[in-house]
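Colleague: I would like the atomic coordinates for the input below:
(one chain, ligands or ions: 2)
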Amino acid sequence: MLGYPRIGRRRELKKAVEAFWAGKTSVDELEATARELRLATVRRLVDLGLGADDASVPGSFSYYDQVLDVAASLGAVPSRFASLTDDAGRLDLAGYFTVARGQGDDAPLEMTKWFDTNYHYLVPEIGPDTPIRFVDDRVVREFVEAKEAGVVTRPVVVGPVTFLALSKAADDAPAGYSPLDRLDDVVAAYADLLRALAAAGAPWVQLDEPILVTDSVDVPFTELAAAVESAYRTLATDLRPVSNPGSLPTETSGSGAIPGSTQDARPAILVATPFGGLETPVDADGGTHDFLATLAGTDVEAIAIDAVRADLPDSPYDDLVSKTLVVGAIDGHNIWRADLSTKLDVLDAARDLGAGAVAVGTSTSLLHVPHDVEDEVFAEPGTASGTTLDPRLRDWLAFADQKVGEVATLARALTEGRDAVAAEIEASRAAVTSRSEASGVVVPAVRERAAALTDADFARGDYAERAAAQQERLNLPPLPTTTIGSFPQTPEIRRARAQWTKGDLSDADYTVAMREEIARVVALQEELGLDVLVHGEPERNDMVQYFAEHLDGFAVTANGWVQSYGSRCVRPPILWGDVTRPAPITVEWSAYTASLTEKPVKGMLTGPVTILAWSFVRDDQPLGDTANQVGLALRDEIADLEATGIGIVQVDEPALRELLPLRKADQPAYLDWSVGSFRLATSGVAAATQIHTHLCYSEFGEVIGAIDGLDADVTSVEAARSRMEIVPELRDAGYARGIGPGVYDIHSPRIPSTEEVTELLELAVKSIDPKVVWVNPDCGLKTRRYEETVPSLEHLVAAAQAVRATLG
Ligand code: GLN
Ligand code: ZN
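Modeller: Ligands and ions are numbered 1, 2, ... in the order given. Model prediction:
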């Protein structure tokens, strides 16, 4: 396992951390809970078949984030938080959380997506003067803690090159400075960490270097390779591997002090490279760089490659002869049970790569999948209420614990031969076969409809005609004002939904409660003077799960929690079969909303790419085919909305950027199918029906062409924090349709003043034709409270009026 979920089977860590934040528990109580959770985890992994003394159990705990953990252990804290560290440069746990979450005017570290997952890490800020020393040995203490409980773990730490490549330059860094300039300092601190681990008796350490599988690093590949060579020369060559860790002294640093060992011993090093292949083109001429060759040339003892996302290399590497190649054959990033015989074929092929030994593992950390299929409730469809899973799925799924079993079985086959696990191989084959043959996996009508699609189904008419027809129908003022969809999800709304889910509130009463909420939200928007109204999305638990619950082909879990960032977890739906829409989903809510007002009401849907991105998706057909199935279901929904008289439909695609492949060579194909599925969903409407889309959570500069390609009539996009940066970018790319750059940062409780909003809006109308500009917040308001929302929207409307007046 390259890592294991750390939030707890019942989200124990989340609850403990949040109780600490709320001041309800002490730091000692939090640490005690975390310790219990860590020990339960390592014992569980041993029960599932990992060795208690061979370092196969990963030590991958984190209170918040593994990148922040490195920054904390190096004391690499931005100067605005310097006062939180002690004389040694160390953060206490409260300080650590403050760096993650901010305090007053001191913004937290920025948060961004971890490779192509939905996990968010914290971006360290590293300048020329940022302190970098090995100051916090939490990793060592956790190793000792497990060892004393009888399990020798393999501490898992983000590697030095990836740590710096993911960092951003501190604000005061000079031009041309790159965090990688600090490589020597960082590596020196890692060397101290490795010495401390060796002194504590750790036989192995895992250093994660996934940066080597992406094309999105700022430095040329030759420089990145040089960084790898230099870092691992210091760590692997200059330090001496402990050959017999059992004989090392085991006294520890329980006091929190760093062992002042002068010996140059280190644990054996496993470098892991999850999320993709190690080979990449260097330049336009087709030259390639091979980071597996780079790693093979170092003195590390083992290299873990992702054999799910990438094919095995074609030819052997001489330098691997002294190393173990850990083949990530079991998918750490999706939840399907593997066909073990095909995985054994991969392992067999890997034996030809020249490695001294071949071992088996997961392709990525299991952080990205839920704990255990056995935590779900299985019941025949229609026989039970709530989140129950179709019993057929039990056999098809492998969550983290099942994957541990798969890896253990494959490991036995490696050492004892296939015959030793013949029964397990057979069972896995049978499960995969039963899935492929099950009803609902392939629905002929869906296949026929998809096969009959033509280019015309992906295209709307001329934009100028559409714009004229829409203006005539909607008659909107210049700089029309609107919101992104959701209004605050109040405690009353959550309570009503919880009661309804439990069966304590009838369907009819729940509908009444939601309708009352919608009526309140409509009245508020009219009072505020917004131009295009929404219903506020009170009936949605989550923008993806809601649709998954209403479409066939999806399942939703009861306990399938996955960490998204910090203490936040999500339960991604499982898209297992062909997608169909048994009945209209949003139409009654939108029609009811429209009946309450004379103003235009926007229908609100989640787009196909985002539904895929935030679900576990079937792996038995190309993603583009699955996306088109979702697109067709949404197309039908939009047709129904249109038929009830809804004139504007917004299809949210906040995850459009997130699924962008890590290698540039794979990006055009992705953009092609993702944009295509959106167009398929939205191209069935009349010219006078206005299609909006909404993008957020990323910088979209890299996919400007795709935004244009969506061909939406209006695109709202997060822009407040970047001060409208995207607007000139869109203009320069020739984008000429409606654009609503967010003028209110809804991620913060701050209420922007009318002047601030006016200023942002003026920036926008200066950089693009004011005729195409819309005025809206950055994103939905569901996480905000009404105390913040109402004055902020008042200021937004006032700013729109002020700027309108200047347009003449
Ligand atoms: N319509 C959604 C909302 O307002 C959009 C959310 C999002 O972009 N993440 O909540
Ligand atoms: Zn958004």
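Colleague: C-alpha from now on. contacts and neighbour counts both.
Modeller: Noted.
Colleague: Can you name the residue of the stretch 251-400 of the chain nearest to ligand 1?
Modeller: Residue of the stretch 251-400 of the chain nearest ligand 1, by C-alpha to the nearest ligand atom: residue 368 (19.8 Å).
Colleague: Next one, pLDDT for the nearest residue to that residue once chain neighbours are set aside please.
Modeller: Nearest non-adjacent residue to residue 368, counting by C-alpha to C-alpha, 6 or more residues apart in numbering: residue 333, 5.4 Å away. As predicted, residue 333 sits at a pLDDT of 96.
Colleague: do the same with residue 441
Modeller: 97.
Colleague: mind checking how far the residue of the stretch 251-400 of the chain closest to ligand 1 is from residue 608?
Modeller: Residue 368 sits 21 Å away from residue 608, taking C-alpha to C-alpha, to the nearest Å as the criterion.
Colleague: Compare those two (neighbour count), which wins?
Modeller: residue 608 (32 against 23; other C-alpha atoms under 10 Å).
Colleague: My understanding was that the more buried one contacts residue 635; is that so?
Modeller: No. Using C-alpha atoms under 8 Å, residue 608 is not in contact with residue 635; the gap is 10.3 Å.
Colleague: any residues in contact with both of those two?
Modeller: Applying C-alpha atoms under 8 Å, 6 or more residues apart in numbering, one finds that residue 608 and residue 635 are jointly contacted by residue 681.
Colleague: got the CA coordinates for stretch 191-198 in PDB?
Modeller: Extracted as PDB, the C-alpha positions of stretch 191-198 are listed here (Å, rounded to 0.1, in the frame of the first residue of the first chain):
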ATOM      1  CA  ALA A 191      18.900  13.600   5.600                       C
ATOM      2  CA  ASP A 192      18.500  14.500   9.200                       C
ATOM      3  CA  LEU A 193      15.000  13.000   9.100                       C
ATOM      4  CA  LEU A 194      16.400   9.800   7.600                       C
ATOM      5  CA  ARG A 195      19.100   9.600  10.200                       C
ATOM      6  CA  ALA A 196      16.500  10.000  12.900                       C
ATOM      7  CA  LEU A 197      14.400   7.200  11.400                       C
ATOM      8  CA  ALA A 198      17.400   4.900  11.200                       C
END
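Colleague: in the stretch 701-808 of the chain, what residue is nearest ligand 2?
Modeller: At 3.7 Å from ligand 2, residue 779 is the closest residue in the stretch 701-808 of the chain, using C-alpha to the ion.
Colleague: Quick check: closest non-adjacent residue to that residue.
Modeller: residue 484 (5.5 Å).
Colleague: So what does that neighbour look like in phi/psi?
Modeller: phi -90, psi -10 (degrees, to the nearest 10).
Colleague: Quick one: residues contacting it.
Modeller: 694, 716, 776-781.
Colleague: Please tabulate the residues you listed in TSV and include distance to residue 33 and secondary structure as additional columns.
Modeller: Formatted as TSV, the contacts of residue 484 follow (distance: C-alpha to C-alpha, whole Å; DSSP: H, G, I helix; E, B strand; the rest coil):
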residue	distance to residue 33	secondary structure
694	40	strand
716	43	strand
776	43	strand
777	39	coil
778	37	coil
779	35	coil
780	35	coil
781	34	coil
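Colleague: and of those residues, the nearest to residue 522?
Modeller: Closest to residue 522 out of the contacts of residue 484 is residue 781 (14.4 Å), distances taken as C-alpha to C-alpha.
Colleague: quick one, what contacts the closest one?
Modeller: 484-488, 746, 789.
Colleague: Please apply the same query to residue 644.
Modeller: 587, 591.
Colleague: Now with 7 Å, please.
Modeller: residue 591 (C-alpha atoms under 7 Å, 6 or more residues apart in numbering).
Colleague: Check what pLDDT it gets.
Modeller: Reading off the confidence values, residue 644 has pLDDT 98.
Colleague: cool, the one 5 residues further on as well?
Modeller: Reading off the confidence values, residue 649 has pLDDT 98.
Colleague: hang on, the earlier thing: closest one of the contacts of residue 484 to ligand 1?
Modeller: Nearest to ligand 1, judged by C-alpha to the nearest ligand atom, of those is residue 780 at 3.0 Å.
Colleague: Do you know the pLDDT at that closest one?
Modeller: 97.
Colleague: Which residues of this structure lie near ligand 2?
Modeller: Residues of the chain lying close to ligand 2 (C-alpha under 5 Å from the ion) are 696, 779.
Colleague: what about the one helix or strand in the chain whose mean pLDDT sits lowest, distance to the chain center?
Modeller: In the chain, the helix or strand scored least confidently by mean pLDDT, DSSP states H and E is strand 279-281, which has a mean of 84. Put simply, strand 279-281 sits 24 Å off its chain's centre (C-alpha atoms, centre = their mean, to the nearest Å).
Colleague: residue boundaries of the strands in the stretch 651-800 of the chain?
Modeller: Per DSSP state E, counting those that start in this stretch, the stretch 651-800 of the chain carries strands over the ranges 690-695, 714-717, 738-741.
Colleague: average pLDDT across the last one?
Modeller: When pLDDT is averaged along strand 738-741, the result is 98.
Colleague: tell me the contacts of the residue nearest the centre of the chain?
Modeller: Among the residues of the chain, the one closest to the centroid is residue 118, at 0.9 Å (C-alpha atoms, centre = their mean). Listed by C-alpha under 7 Å, 6+ apart, the contact partners of residue 118 are residue 564.
Colleague: rerun that using 8 Å as the cut-off
Modeller: Residue 118 touches 564, 613-614, 658, counting by C-alpha under 8 Å, 6+ apart.
Colleague: mind listing the strands for the stretch 51-200 of the chain?
Modeller: Ranges of strands in the stretch 51-200 of the chain, per DSSP E, counting those that start in this stretch, are 57-59, 111-113, 120-122, 125-126, 153-158, 168-169.
Colleague: Switch those strands over to a markdown table; also include mean pLDDT.
Modeller: What follows is these, written out as a markdown table (pLDDT from 0 to 100):
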| stretch | mean pLDDT |
| --- | --- |
| strand 57-59 | 98 |
| strand 111-113 | 88 |
| strand 120-122 | 95 |
| strand 125-126 | 98 |
| strand 153-158 | 98 |
| strand 168-169 | 96 |
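Colleague: Need the ones you listed in CSV (columns: mean neighbour count and distance to residue 83).
Modeller: Shown next, in CSV, are the strands of the stretch 51-200 of the chain (neighbours: other C-alpha atoms under 10 Å; distance: least, C-alpha to C-alpha, whole Å):
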stretch, mean neighbour count, distance to residue 83
strand 57-59, 26, 30
strand 111-113, 16, 22
strand 120-122, 22, 20
strand 125-126, 25, 16
strand 153-158, 24, 26
strand 168-169, 20, 20
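Colleague: Any idea which of those gets closest to residue 796?
Modeller: Nearest of these (C-alpha to C-alpha): strand 111-113, 26.3 Å.
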